[in-house]
Each structure stands twice: as structure tokens, then as C-alpha cells.
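# I'd like to go over a predicted model; first the sequence, then the structure.
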Amino acid sequence: MDDEDVFIAKAQKGDVAAYNRLVMHYQSLVYNVVYRIMNEPQTAEDMTQEAFISAYKALNRFRGGNFKAWLLRIATNACYDELRRHKRRPQSSLDELTEENESFSFLRSPEEGPEAHAQRVEMMRAIEQCLDELPDDQRITAVLRDVEGYDYSEIAEITSSSLGTVKSRLSRARTKLRDCLQGFRELLPAEYRLQTSD
């Protein structure tokens, strides 16, 4: 968005139409991040709406810089709060995982037969289960980096963490994911399996 600063300045002066332009520009991005963390479409929709309401209320405290990171910080903080409040892990339906979740598009093949489809579905279920077992801070960091593709400095800004903390969380998350996925070794493509001495 080339004229983002103009819309932000207008929105800070109470221009709702200008703020709506920002919402339209960022709503898919915020929803995708929240959905990947929470894995519940309705919860993600509600939390995305709440994030934009919270951002609007706090807009006068935005002092410039990376608006996208500021907005995602509000959204990920809401995810932390929601996960803590319910002390639960998100649940995904199999249909959502297989058909709508672009995060796992690298596992798809255009010539996929029924058996390969079933294996892919099981692999995605295993990845989601392993992600669900991560501590919240590691899960959010792993989603931002390995699913959404943000770089370390962006993640540090979004999560209000140091670069070292981001790298540490990601390293621990990847180690736990690797160890967890070895429990599903038969589902992993050969190139992803750890070599064993058996």
C-alpha cells in the first residue's frame, strides 16, 4: 500500500473510511496468521475483527514505523490471551486441513491418487498435532517463520521479543517438531526421515 502513511494519519484524526482502507488491505494477512495459530475458522474471524477494533482504539498510540508488524503484534497478543484463557489447544477439522489450508501446499501433487491423498491427509494431521503440542510462544514463532514466512527481525517486532529470543524459540520449536514427527516416521517422505542405525 503506497499511501499507507496518509491513510494512517487520516484514521488517527477519526477518518473511518481511511481506517477501513487499512482494514481491507490487511484483513486477509491478519486472518491467515490468527487462523494458523488458532486453527479454528470462527475463532480466527472473531479474533481478527477484535484485533482491528483494538488497533483502531490504540491508533493514536502508533508512532510510525512498521504498521503491519504493529497490527500483527496486536493480533498475536490476542492469540496468546485466548490460548491462556481457555487453556486449550486449537482443533482443526480434517476438511479444513486438507482442502483450505495452503500452508501444506508443498505436500500436494497434481497426479495424486487416493492412497497418496490419504497419506497427505495423515501427514498434515501429524504436523498439526505436533504444532499443537508446542508451548504457545514457540508455536506462534514457528507459525510466523515456517508457515507465514516472516523473517527473524519481523517476528521479533511482531512478538515484542529480541532477535536472540526469536531464534531460540524457533530452534526449540523445530527440534520438538522434528522429534514429534519422528513418531509418525512412516508418514514422512524418505527425505525428511532421520537416519537410524537399524
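Okay, I see it. Residues are numbered from 1 along each chain as shown.
# Quick check: residue 166 touching residue 140?
No: with contacts counted by C-beta atoms under 8 Å, residue 166 stays clear of residue 140, the gap being 10.3 Å. C-beta here means a position set from N, CA and C on the backbone, and glycine is covered the same way.
# which neighbours do these two share?
Common neighbours of residue 166 and residue 140, using C-beta atoms under 8 Å, 6 or more residues apart in numbering, are residue 159.
# hey, where'd the helices end up in the chain?
4-12, 16-38, 41-58, 67-86, 94-95, 114-132, 136-142, 152-159, 163-182 (DSSP state H).
# Adding mean pLDDT and mean neighbour count, write the ones you listed out as TSV.
Shown next, in TSV, are the helices of the chain (pLDDT from 0 to 100; neighbours: other C-beta atoms under 10 Å):
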stretch	mean pLDDT	mean neighbour count
helix 4-12	94	16
helix 16-38	93	18
helix 41-58	93	17
helix 67-86	89	18
helix 94-95	42	11
helix 114-132	79	16
helix 136-142	93	22
helix 152-159	94	20
helix 163-182	93	16
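# Tell me, what's the model's pLDDT at residue 92?
At residue 92, the predicted lDDT confidence score is 45.
# Start at 341, not 1
Sure thing, new numbering starts at 341, so read that last one as residue 432.
# Just give the closest residue to residue 514, not the sequence neighbours.
residue 482 (7.1 Å; C-beta to C-beta, 6 or more residues apart in numbering).
# Do me a favour and get the backbone dihedrals for residue 475.
The phi/psi pair for residue 475 (degrees, to the nearest 10) reads phi -60, psi 150.
# gap between it and residue 506?
Noted for residue 475: a distance of 14 Å to residue 506, by C-beta to C-beta, to the nearest Å.
# do the same with residue 470
With C-beta to C-beta as the criterion, residue 470 and residue 506 are 20 Å apart.
# repeat for residue 371
23 Å.
# who's in contact with stretch 509-525?
For stretch 509-525, the surrounding residues in contact (C-beta under 8 Å, 6+ apart) are 462-463, 466-467, 469-471, 473-474, 477-479, 481-482, 485-486, 492, 495, 501, 528, 532-534.
# Domain map for the chain?
341-430, 432-538 (automatic domain parsing).
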